[in-house]
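1. No sequence on hand, only this structure:
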């Protein structure tokens, strides 16, 4: 009987520190960080979206995002993606305009908080268009949409 009680106490002594360590590690993990991948304001944000859509009719968009890493509370990087944009920014009517597709990379950073929602507030998109390399930097918030400099090729 004495051996049984000693064995039970030993088992509790081994399990208790492991449980305490596991709960301590999860308590320090940063909250899930999301990105706005749709023109939907503060709603419908997502983690590791397959595509990012900046607006409606004629707006550029990114598809085939393959996330190399996604660090909650820090940054995210998609080393492979496809940027789609209008071949001619002056084309009208928009529904008849041709789009061109270019390889791109996407880097998200600058985590901010909006009423408890942790989100990436900055995006860098690197791509080539007609043989020239571009690096566009955009911001999300305080208005709930992505904003990029109005310079061709647009993003």
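-> Structure's in. What do you need? Treat the numbers as computed from the prediction; the structure is a model and nothing was measured.
2. contacts, neighbours, all on C-alpha from now
-> OK.
3. all strands of this protein, in order?
-> For the chain, strands defined by DSSP state E occupy the ranges 33-34, 52-53, 61-71, 75-86, 99-114, 117-129, 132-140, 146-147.
4. Nearest residue to residue 47 in space, please, no chain neighbours.
-> Computed as C-alpha to C-alpha, 6 or more residues apart in numbering, the closest residue to residue 47 that is not its neighbour in sequence is residue 34, at 5.0 Å.
5. got it, and residue 94?
-> When the adjacent residues along the chain are set aside, residue 94 lies closest to residue 58, with 5.8 Å between them (C-alpha to C-alpha, 6+ apart).
6. isn't that neighbour right up against residue 86?
-> Yes. Here residue 58 reaches residue 86: they are 6.6 Å apart, a contact under C-alpha atoms under 8 Å.
7. which residues are in contact with both of the two?
-> Taking C-alpha atoms under 8 Å, 6 or more residues apart in numbering as the criterion, residue 58 and residue 86 both touch residue 97.
8. Can you find the helix or strand in the chain with the smallest mean pLDDT?
-> The weakest-scoring helix or strand in the chain, judged by mean pLDDT, DSSP states H and E, is helix 2-27 (a mean of 44).
9. Can you give me the domain boundaries for the chain?
-> According to automatic domain parsing, the chain comprises the domains 1-29, 33-147.
10. any chance of those domains in CSV, with distance to residue 153 too?
-> Formatted as CSV, the domains of the chain follow (distance: least, C-alpha to C-alpha, whole Å):
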stretch, distance to residue 153
domain 1-29, 39
domain 33-147, 8
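11. Of the ones you listed, which stretch is the most buried?
-> Among the domains of the chain, ranked by average contacts under mean count of other C-alpha atoms under 10 Å, first place goes to domain 33-147 (a mean of 17).
12. Next, the distance between the ends of that one.
-> With C-alpha to C-alpha, to the nearest Å applied, domain 33-147 spans 19 Å between its terminal residues.
13. Poorly predicted segments of the protein, please.
-> 1-27, 154-155 (pLDDT under 70).
14. Which positions are bridged to the residue nearest to the spatial centre of the chain in the beta structure?
-> Most central residue of the chain, judged by C-alpha distance to the mean C-alpha position with C-alpha atoms, centre = their mean, is residue 35 at 4.4 Å. For residue 35, the beta-bridge assignment (DSSP bridges) gives partners residue 46.
15. Please apply the same query to residue 80.
-> Where residue 80 sits in a bridge, its partners, by DSSP bridges, are residue 66.
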